[in-house]
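> predicted coordinates and the sequence they were generated for:
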Amino acid sequence: AQEAAVRTVLPSGSSIPLVGLGTWQSSQEQELEASVDAALEAGYRHIDTATLYNNEHVIGKVLKRWLQDGKLKREELFVTTKLPFFGMRPSDVPVFLNESLAKLQLDYVDLYLVHMPFAIARDGLDAQGHVKPGAVDKSTDHLAIWKALEAEHQAGRIKDLGVSNFNESQIARVLNNSVIKPAVLQVELHLHHQQKPLVAFCKQNNITVTAYSPLGSPGSKWISQYSGKELPDLLGLPAVKEIAARHNKTAAQVLLHHTVYKGIVVIPKSSKPRRIRENIGVSARGPTKNERVITVTQR
Ligand SMILES: NC(=O)C1=CN([C@@H]2O[C@H](COP(=O)(O)OP(=O)(O)OC[C@H]3O[C@@H](n4cnc5c(N)ncnc54)[C@H](OP(=O)(O)O)[C@@H]3O)[C@@H](O)[C@H]2O)C=CC1
Ligand SMILES: CCCCCC/C=C/C=O
């Protein structure tokens with residue numbers, strides 16, 4: 001819980017805790033309620049959600065209870081949610097933000113991300129989660145959406161703005177044509193996909209990076225489905241297990257530490273209280289002279 005207090009400051013002056021709770025694929029209500037409770041008990045103050053996850057109402061219910069009971073102050077919390085790819089028109093921004101705030105039972109979110117750089121029609125995904133032919137809306141205008149987001153920031157309903165799954169040129173275009181700069185980039189990032197050039201670009205531009213799928217999203221097929229590349233079981237890698245044994249840590253803690261010590265935020269998802277506690281038990285300090293850093297070729 002001590003490490004949970006480690007935060008990185010964003011341009012607005014707010015600060016984002018380096019370890020947050022991921023909640024994608026956590027839609028089973030009772031299980032998610034217990035997970036958020038366990039996370040808050042363990043010292044998490046950063047929760048990552050999205051319109052797409054269909055679970056903001058559950059998170060809101062737990063947060064309201066903690067806030068009402070006086071166990072938590074709003075300013076201690078850091079809540080991120082995201083504009084869905086079926087809401088990529090400027091006029092959609094207030095609609096989806098209102099919906100998120102109502103479900104989360106909050107007056108503002110700490111961070112609002114454009115979830116994906118592309119847009120699809122509301123009914124654009126098939127039952128397998130694939131984009132239906134013709135469903136991509138090529139008229140999406142990132143700058144027009146950004147202006148609508150800036151208006152919400154101005155109105156005090158969003159503290160910081162950011163993007164997710166954007167590449168360098170997409171981020172640069174927003175950077176060069178905005179008043180409120182993107183504070184955070186959330187991307188897939190883990191031992192086998194360290195995103196070094198993108199991280200360096202973000203650092204140069206004062207953008208904090210958040211690593212999603214920091215454990216490699218074990219058990220989920222979505223990374224291989226969209227990238228076309230199979231990820232090994234990162235938790236089972238011999239080097240990771242060896243380091244874990246040497247430091248009396250778990251494999252998950254080794255993977256998270258490898259990202260967090262570089263100042264990159266991690267948002268591991270778990271529905272298991274024991275793992276939720278384990279995942280926040282990582283140190284943000286860098287390696288000492290005698291410690292070996294794992295070097296892995298990017299895929
Ligand atoms: N912006 C974007 O486009 C995306 C954002 N995200 C965000 O990032 C979060 C994390 O990414 P996600 O893809 O969920 O993947 P993670 O890398 O966080 O892996 C989650 C999986 O790891 C398991 N797990 C968690 N902790 C441990 C542990 N200590 N030991 C062993 N297994 C563990 C979980 O199982 P169990 O629950 O059973 O413990 C779950 O199956 C998401 O929940 C979401 O908030 C994710 C993908 C895309
Ligand atoms: C076009 C399909 C995209 C799948 C979205 C997966 C999102 C995951 C979590 O944020």
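Thanks, I have it. Ligands and ions are numbered 1, 2, ... in the order given.
> make it CA atoms for all contacts and neighbour counts henceforth
OK.
> work out for me the element Ile171 sits within.
helix 168-176 (DSSP states H and E).
> in the stretch 1-150 of the chain, what residue spans correspond to helices?
29-42, 56-68, 92-104, 142-154 (DSSP state H, counting those that start in this stretch).
> name the next helix or strand downstream of the last one, please.
Going back to what we said before, that points to helix 142-154. As assigned by DSSP H and E, the chain's next helix or strand after helix 142-154 is strand 158-164.
> near ligand 2 at all, that next one?
No: Strand 158-164 is not in contact with ligand 2 by C-alpha under 6 Å from any ligand atom; minimum separation 8.8 Å.
> mean confidence score for that strand?
Across strand 158-164, pLDDT averages out at 98.
> okay, now the sheet partners of it, with direction.
Strand pairing for strand 158-164, using DSSP bridges, gives strand 109-114 (parallel), strand 184-188 (parallel).
> out of these, flag the one nearest Lys159.
strand 109-114 (4.8 Å; C-alpha to C-alpha).
> pLDDT below threshold where in the chain?
Along the chain, the parts satisfying pLDDT under 70 run over 1-5, 223, 287-299.
> interface residues of it facing ligand 2?
Close to ligand 2, as judged by C-alpha under 6 Å from any ligand atom, the chain has residues Trp24, Gly129, His130, Val131.
> hmm, back to that, tell me which of the strands paired with strand 158-164 sits most buried.
Mean neighbours per residue, mean count of other C-alpha atoms under 10 Å, is largest over those for strand 109-114, with a mean of 25.
> dump that strand to CSV, keeping only the CA atoms.
Output in CSV follows, covering the C-alpha atoms of strand 109-114 (Å, rounded to 0.1, in the frame of the first residue of the first chain):
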residue,chain,number,x,y,z
VAL,A,109,-13.2,12.4,-14.1
ASP,A,110,-9.5,12.8,-13.5
LEU,A,111,-8.6,11.5,-17.0
TYR,A,112,-10.7,11.1,-20.1
LEU,A,113,-9.0,9.2,-23.0
VAL,A,114,-10.0,8.9,-26.6
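> which stretches of this protein form strands?
For the chain, applying DSSP state E gives strands covering 7-9, 15-17, 21-22, 46-48, 78-83, 109-114, 158-164, 184-188, 208-212, 265-266.
> burial measure for the residue of the stretch 151-299 of the chain found nearest ligand 2, as a count.
Using C-alpha to the nearest ligand atom, the single residue of the stretch 151-299 of the chain nearest to ligand 2 is Trp222, 7.0 Å away. Counted with other C-alpha atoms under 10 Å, the neighbours of Trp222 add up to 13.
> likewise Val95?
Count around Val95 with other C-alpha under 10 Å applied: 12.
> and it, what is it in contact with?
Neighbouring residues of Val95 by C-alpha atoms under 8 Å, 6 or more residues apart in numbering: there are none.
> and it, how close does it get to Val58?
Distance of Val95 to Val58, given as C-alpha to C-alpha, to the nearest Å: 20 Å.
> same deal with Asp48?
Distance, Asp48 to Val58, by C-alpha to C-alpha: 13 Å.
> grab the nearest non-local neighbour of Ala97.
Careful, residue 97 is Leu; it's not Ala. Leu83 (7.3 Å; C-alpha to C-alpha, 6 or more residues apart in numbering).
> list the beta-bridge partners for that neighbour.
Counting by DSSP bridges, Leu83 is bridged to Val114.
> quickly note the distance from it to Leu161.
11 Å.
> and for these two, which residues touch both?
Residues touching both Leu83 and Leu161 by C-alpha under 8 Å, 6+ apart: Tyr112, Leu113.
> Gln194: neighbour count?
Using other C-alpha under 10 Å, Gln194 is surrounded by 19 other residues.
> one more: Lys196?
Lys196 has 11 neighbouring residues, counting by other C-alpha under 10 Å.
> repeat for Lys262
Neighbour count of Lys262, defined by other C-alpha under 10 Å: 12.
> how about the contacts made by it?
Neighbouring residues of Lys262 by C-alpha under 8 Å, 6+ apart: Ala284, Gly286.
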